[in-house]
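> Return a 3D structure for these sequence lines:
(2 chains)
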Amino acid sequence: MTIPDYVFPSAGKEGTPEVNPERYSLRPGNIYAITKSADTDWWKEQTQSAPIQNYQVGATGGTENGRYAISLGYFSQDGVVKFIGYDRYTIRANTEFAGLNKKLRIGENLSVSFDNRKGGFGNNQEQNAVSGSYKHHPLLPVYDIAGNFAGSRGLNLGNNSNPYATLSRQQDNRTMRLRIFGNVYGEYDIIPNLTVKTSLGIDGSSQRGRYIGRANPEYVEGSFNNGSTSTDEYFYQWVWTNTLSYSKQFGTDHQFDAYVGTEAIREFKEVFGASRNGYAFEIPSIISYLSLGDATKASNYGGVDRDYTLFSLFGKANYSYKDRYLFQAILRNDASSRFLSASRSATFPAFSVGWRVSEEGFLKGVSWINDMKLRYGWGQTGNQKIGDYNAYTTYRSDIFHAGYPIDGSGSQPTIGYDAASLGNPNAKWETTTSNNLGLDATLFNSALTVELDFWNRRTNDMLFSIPLTYTVGDASAPSFNVGEMNNKGIDLGLNYRNSLMGGDLRYSIGANYSMYRNKVIRLTESENTKYFGYGSRTDAVTLTQAGLPLSSYYGLTVLGIFQSDDEANAWAPYGTYNKAGKFKIADINNDGVINSDDRGIIGNPHPKFNYGVNLNVGYKAFDLTVFGNGVVGNDIFNYTRFFADFNTFQGNRSKRALYEAWQPSNPGGTTPIPDANDQISSRPSTYLLEKGTYFRLKNVQLTYTLPRTLTNKIGFSNLQVYLQGQNMFTITKYTGLNPEIQTGADNTLGFDGGYMPVSRNFLVGLNVSF
Amino acid sequence: MKTKIVKYGLAATALLASVTACNDEFLTREPQGQYSPAALKSAGGVEGLLLGAYGMVDGRGLDGQADWENDIQNWVFGGVASDDAYKGTDSGDQPEESFIEKYDFQPNFSHITNKWRGLYKGVARTNDVLNTLKDVTTIPDSRRKQIVAETRFLRGLFHFEAQKMWKNPLYIDEATFQLDDLESTKIPNGGPIWDKIEGDFKAAMADLPETQAEVGRPTKWAAMGFLAKAYMYQGWDVLTGAPNAAKLNAAKPLLEAIIASGKFSLMPRFDQNFLVGFRNNAESIWEVQYAVSSAADGAADAGVGLAHPYIDPWGCCGFYQPSQNLVNAFKTDANGLPLLDTFNESDVKNDQGLKYTEAFVPYAGNLDPRLDHTVGRRGILFKDFKIHGSDFIRDQTYAGPYSPKKHIAERAGFGIGGWGNLSSNNYRIMRYDMILLWLAEVEVEVGSLEKAKDLVNQVRARAANPAGFVKKAVQGPASRDDYTVLDEPAANYVIKPYTSFTDKAMARKAVRFETRLEFGMEGHRFFDLQRWGVQSPVLKAYLAEEQTKRVYLKDAKFDQGKNEFYPIPQTAIDRSYKAGEPTLTQDPAYK
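Have a look, this model is predicted:
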């Protein structure tokens, strides 16, 4: 096998007329972009070490009747992926004034920030830089012989766009946001111990986006067209809270406090966008703005993205006797615009009791117990995280979905209506009932603290967006109250601190452990109801069913690899798939054939447990802090293998596909024999699952505090210098880029579709106080 | 003190009361910037819903699919899967299509899934029209009848396309479909749904007018044509090819009525059916309408966007390349007739392995002139763009030397939208020449061979019009686009009418052969073979010969009793679960 000199023209040879640079052309009507072959490490090409800068200066002060704090911050980060970056400027101001003999207090907290996101990168996308780096063919260079971006027009080099070119072309994209966040409040002591407070908070932002589409003629499916999109969004959320609170101690033994209140929340977001194509030049000063695009190649849109209100009434009472017996009761009523009036509001009670055992006479004499408290709590909370218009069926009207040139026009379709989303008017609040038993203890001269919790949460009327049958159309599905789910778990936190050498050596060791078990108890529709979850280019990879954890992995079970055709022929047939070197797939339903009915539960995205450790050691002016955490026992669906291990698409392949493929000469191979006709091996199966167990050293920081005598001399009250390392290392057997998968959606738990790895950061910091 | 408490009490009550009063208003958030079902319960609303249903005919307008996966022109399912065409481009492009080409149909293909999703979305849209119409009283009865007829025509069409794809598709009518009950369409699939499809077309035919002011709407004749087509699809047993005289006899009067109506005629030139400049012409009974402008291409023919040559100005993507077998079918003998049995014994000469700059001596044998309107090949002017050469082709070694031609717009129709390949070159799904050849098929089986011959000859006579021959062009020096057209045919076109159909077997062969020549590369072939019940013998013979030319076809195998139809998508089955059991059942051949 020899590597040709050129990838375009395909297999071009040095010195032949086909590769004569004079023939080079990359213009409409003649694309002949001569491109040499290369050995490109696409990951390396696209990533870099990048600086982060973070500065904060602030001042605080006050008098008897007023306090203030102001600060100014600047944060700037260049991407670890090239051509992306982020800047942020922040101003914060907090003030409070007191009057009427301090019975009245008025104050505000305000933060104004401006941030700017530069360049384009989308996590978990098939054509992003991360995906490009494992899919784009290493034989392709970044540039062709003329210095233009190289594409994959040669034969059998796949259809990916040059990921470096994509990043570069998007480098002038801007998402600029001005955000105001804060609240104003007034508080008045009506009579001693009775205080009324009102607070109005606002979180408002205005965001401007400029997204540039540059010509990508080298790309196989590219073009000479360019365009620019401008977007404008505004968002606000206001929260108006009113409380009346009462606090009083009766005698020495009875402490009582209580409050009642109301809270109203309104959230709204409107988006607007327009674009034009056909720019004469692609320099940022021209293509960033719409005016110079071709006005006949324009489009626009506008609509509401978020629109909801929430109104709550609540009350809470605390009573404690001798600080030994503690009682708390809460009652709240929440009403959400996401539900129609019949089911709009729901009431959620809660109570808890605490017993400070250490205050009891029988433990008074136990010197090693400083404080010990037993807690039990029961309570209900509600969840309304569904679409704002969940109740409503709506229609859209646009050319793509509902346009048809019914009159025979070759240019102007008539536009009709198409169902866009389907409503569920009957949805109601999801309720979670929690039981919690806890112990807090401080022991051994306050050296050891223990926090232990056992909890159980039952979720009723679980809100879930069920996958719709295709025969209803492509309108989006609403959430339904589908059943019950249970989570139970244990959280344990231990912290030990002590000092030696007369206080010169300080240390503390902390560890936390938490585990939970998730199970769907019941699905309302039926005992056997199955909800199939996410499937990208594959069948569904998850299943939700009573008795199983939410979004359990679903697929075929690979038992091993057939070592011979005889072994393959003796196995239950899977069409004509079974052959030496192919997966031996379990006949789950024992019907003597392998097919889709042999899919079953193959893994669990939920971990066995999470843990964290932290360690602080201080000696005189030096302090060392180390923090790490980890997860044990979860499965990750490594979708990158779908592209890299099989012949799914042309492009780059994994080392597994190269070195670990089964061959008669490599009977120990763990990846199936390479076969361009194999479409079975890449189906969702245990092969695509990997353990997500990892430990990551998140943070190491060494701080030096200048001795006060010295700092005072130079006019500072405090001066610290520190060195910090973030994400120092990760121990894992997971072969993807980052085992810490956070997808946010229930039906994609643990689905790794091309996640940005975390970067290792080194920071030098300086804290100065005057 | 007491009064104070009362005052506070009053104030608190007042506050609470005002809170409750404004609460309903505050907590009611109705959708902004979207239509509600109530808003569409009007005459305009129903007409708009109907337009939305029309919008699904071309297969576009479905979220989450690639345009080519669910394309009414069926270049993948009807073309690449047949002996008309190869997948084209290079070996790794759209791997699913490579498997479809090799009859390795998997239920997880997004092509198959999105075909299902798109067709049944179309069905859902039609049922929504019918149900909404029931709630609107302001539409006059005459228009109401028309709306129902148009809608049922479309519903029949979507189901028809589904019946071509799947052995046991679903049929969903407006009584089953309830927009506000998301479970309502979870019903079992049984056997074929032909009777239901016929029912829709019959209902449409009964009420549709003979002419329509808006050309995109079907006429009575269009419904009649589709009803006849439904019968033609039941005319033979899919597995044995045994004729079904009842169905053929049912088609006969319909086809005769369309011809007798005098409303339609063959266009003088064959290629006028494939040009933007001749949309909705006299030959057209019903077309799938496309529109494109510089501002919007959402209603353009994006389904065939990839199926354009790899050279400029299209640049993308070189899919759907005609097979050598198809090209050979256009050979004619000294009598100007096709070589029904021996056409594939020798190849029409091509430029395989030749650069476009290298000399090429063209094939001198007799050819049917329709070849050069169907296939782009060396030395022949490609529409009005440039002379075809190997630089049109992405990977000649892999996919051969030919380009698709019919669906590609002429220069005037090119480059209007953002993506130049998108055009308004309508898909002429129901044409007069189809009616003639279907009637010829019927005459062969249950009528007169003489009549069959005359019908075939009508079609051949039009093809023989010298005005419709592709003219010879010579390359100019300025650029690849530089050419001069001469006043002589581009090749040795010899086409003449049949003088006789000697027997039924010969006649059947001749009519079917004519169908291939007339409709090659229009996405019908796989399904024509299906309805004739000859997929297995024809495609097996095709593979045996073609794999000597296209090495990747070596491991292709047509499985009789299975590959006549496609599998039901796995996710469609997964999403059909009701009470823990799927309501949809896979085609047993794919279990």
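> buried stuff in stretch A:711-724?
A:711, A:719-720, A:722 (16 or more other CB atoms under 10 Å in any protein chain shown). Every residue, glycine included, has its C-beta placed from N, CA and C.
> next one: stretch A:488-495 to chain centre, how far?
Distance, stretch centre to chain centre, for stretch A:488-495: 24 Å (CA atoms, centre = their mean, to the nearest Å).
> Buried ones in it, by neighbour count?
A:489, A:491-493, A:495.
> Point me to the residue of chain B nearest chain A.
B:Gly580 (2.2 Å; CB to the nearest CB).
> can you give me phi and psi for that residue?
phi 80, psi 0 (degrees, to the nearest 10).
> any idea how far A:Ser10 lies from chain B?
Distance of A:Ser10 to chain B, given as CB to the nearest CB, to the nearest Å: 8 Å.
> Contact partners for that residue?
Residues near A:Ser10 by CB atoms under 8 Å, 6 or more residues apart in numbering or on different chains: A:4, A:154-155, B:395.
> and if we set it to 10 Å?
A:4, A:18, A:153-157, B:90, B:394-395, B:397 (CB atoms under 10 Å, 6 or more residues apart in numbering or on different chains).
> just the strands in the stretch 51-200 of chain A please.
Counting by DSSP state E, counting those that start in this stretch, one finds strands in the stretch 51-200 of chain A at the ranges A:52-63, A:66-78, A:85-99, A:104-118, A:174-191, A:194-213.
> Quick check: B:Gln570 touching B:Pro107?
Yes: the criterion here is CB atoms under 10 Å, and B:Gln570 meets it with B:Pro107 at 4.1 Å.
> Give me the common contacts of the two.
Listed contacts common to B:Gln570 and B:Pro107 are A:539, A:595-596, B:113, B:586, B:590; contacts here mean CB under 10 Å, 6+ apart.
> ok, the nearest residue to the residue of chain B closest to chain A once chain neighbours are set aside to A:Ala546 distance?
Computed as CB to CB, 6 or more residues apart in numbering or on different chains, the closest residue to B:Gly580 that is not its neighbour in sequence is A:Asn528, at 2.2 Å. Counting by CB to CB, to the nearest Å, the gap from A:Asn528 to A:Ala546 is 8 Å.
> And for B:Glu174?
Computed as CB to CB, the B:Glu174 to A:Ala546 distance reads 34 Å.
> Number of residues surrounding the residue of chain B closest to chain A?
The local packing of B:Gly580 (other CB atoms under 10 Å in any protein chain shown) involves 14 other residues.
> Looks like it contacts A:Lys530 (just checking).
Yes: the pair B:Gly580 and A:Lys530 passes the contact test of CB under 10 Å, sitting 5.9 Å apart.
> So for these two, which residues contact both of them?
Taking CB under 10 Å, 6+ apart as the criterion, B:Gly580 and A:Lys530 both touch A:523, A:545-546.
> Let me see the contact set for the residue nearest to B:Asp395 when sequence neighbours are not counted.
Counting by CB to CB, 6+ apart, B:Asp90 is the residue found nearest to B:Asp395 once chain neighbours are left out, at 4.1 Å. Neighbouring residues of B:Asp90 by CB under 10 Å, 6+ apart: A:10, A:153-159, A:220, A:650, B:310, B:317-318, B:393-395, B:397-399.
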